[in-house]
Every structure is written in C-alpha cells, then in structure tokens.
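Peer 1: need the 3D shape of this:
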Amino acid sequence: MSQRCHTVVESPVGPITVVASGGALCGLFMDAQRHRPPDADFGRADGAPFASVIEQLGQYFAGQRTSFDLELAPIGSPFRLAVWEALRSIPYGRTASYGEVAGLIGKPGAARAVGLANGANPIAIVVPCHRVIGANGSLTGYGGGLERKRWLLDLEQRATASVRSVDEFKVAAPPQL
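Peer 2: Take a look at the predicted model:
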C-alpha cells in the first residue's frame, strides 16, 4: 500500500478530512462520520497533494460543480466497488433508491447489501452516497448524519433549479410588445 497523507478542509458541512494514497483520493470523511477510520490510518498531514480536491469541493459547495474529476482509489470488496461506481452514475440533483442502485449493478434483490455498502462509502460527497434514499422517497441513514444528507440534497436541488430557470429564460419567447 502506498504512503497515505491527509489534510483537513473546512466546509459548510463541517471539517472534512481528505486522504490520498499514491496521488489518488482514497478517503473523504466528515467529523463524527459513521465508519470513519481512526485518524492514525490517514497518514502524515500534508496539504500539498490536495489542491485539486480542495478546489473542486469549493466549486461543489458553491453550486458550480456537478461532478468531480479526480483520480479515486477506494478500497473495498468487488461488490462494494461496484456499488460505489454505480453511485457515481446518479445525476447531480437527483436521487435513487437502494433497490434502483441494486438494479444498476445487476443485483436487483440486493437492496439491503447496497445499503450496507453505501454506508461504508469511504469517499463521501465525491462518490455521492447522499443521493440514495428509501424506496418510499424518505431520507434514510447517512454516515455523515441525516442533517448533512438533507443539506447536500438541498444544495444540489437549489443549484439545479437555478440552472433550469436560466435555461428556461434563454429559450423563452420574447415578450410581445
């Protein structure tokens, strides 16, 4: 395993610890996050490798970025890796149920296992586990807490609403004088 390093980034959802291994992002953890590894696992403190991560997170929180362009290196079983890859296909501002994610990976009966893999996602926000909701549309568990999940979903919905309104304005017919 490559040498790990980390830095802590302030954000609207609280401090975020970002972790890299071999130049690739392998962890993004909020404080008090469920399944957060011990700090000793994060390696040495070094902010230098994280300029792009910090820039893209800032753009995301400003509502200016809808996807991330970062090299990722999550560590997990083949099933978890498949789930985490499927999460990246959920469009910004949209949600999917655990069952829908299970269908995306070709395991339609595995909604509960998807939920467990979703909860263990080591790269929160960038791998958007916050976009997964219950089959009835309710917010369900989130490793960073339901308040953060609601905040992230609201951020994306506000940003997509403002984009839609700009697009609608551009294609609207000019007023009749």
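Peer 1: domain ranges for the chain?
Peer 2: 4-61, 78-161 (automatic domain parsing).
Peer 1: which one of the ones you listed is the most hemmed in?
Peer 2: domain 78-161 (a mean of 18; mean count of other C-beta atoms under 10 Å). For every residue, glycine as well, the C-beta is placed using N, CA and C.
Peer 1: return the distance of that domain from the chain's centre.
Peer 2: From the chain centre to the centre of domain 78-161 is a distance of 8 Å (C-alpha atoms, centre = their mean, to the nearest Å).
Peer 1: OK, contacts around Q56?
Peer 2: Q56 sits next to R65, F68, D69, L70 when contact means C-beta atoms under 8 Å, 6 or more residues apart in numbering.
Peer 1: spell out the secondary structure type for the spatially most central residue of the chain.
Peer 2: With distances taken as C-alpha atoms, centre = their mean, I125 lies nearest the centre of the chain, 2.1 Å away. Three-state call for I125 (DSSP: H, G, I helix; E, B strand; the rest coil): coil.
Peer 1: mind putting the domains of the chain in CSV, mean pLDDT included?
Peer 2: Below are the domains of the chain laid out as CSV (pLDDT from 0 to 100):
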stretch, mean pLDDT
domain 4-61, 93
domain 78-161, 93
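Peer 1: for R131, list the residues it contacts.
Peer 2: L87, I90, R94, T95, A96, L153, E156.
Peer 1: redo that, cut-off 7 Å
Peer 2: By C-beta atoms under 7 Å, 6 or more residues apart in numbering, the contact list for R131 reads L87, I90, R94, T95, A96.
Peer 1: kindly report the same for G76.
Peer 2: For G76, the contacting residues are W84, by C-beta under 7 Å, 6+ apart.
Peer 1: quick one: pLDDT of it?
Peer 2: You'll see G76 listed with a pLDDT of 95.
Peer 1: no further queries at this time; thank you.
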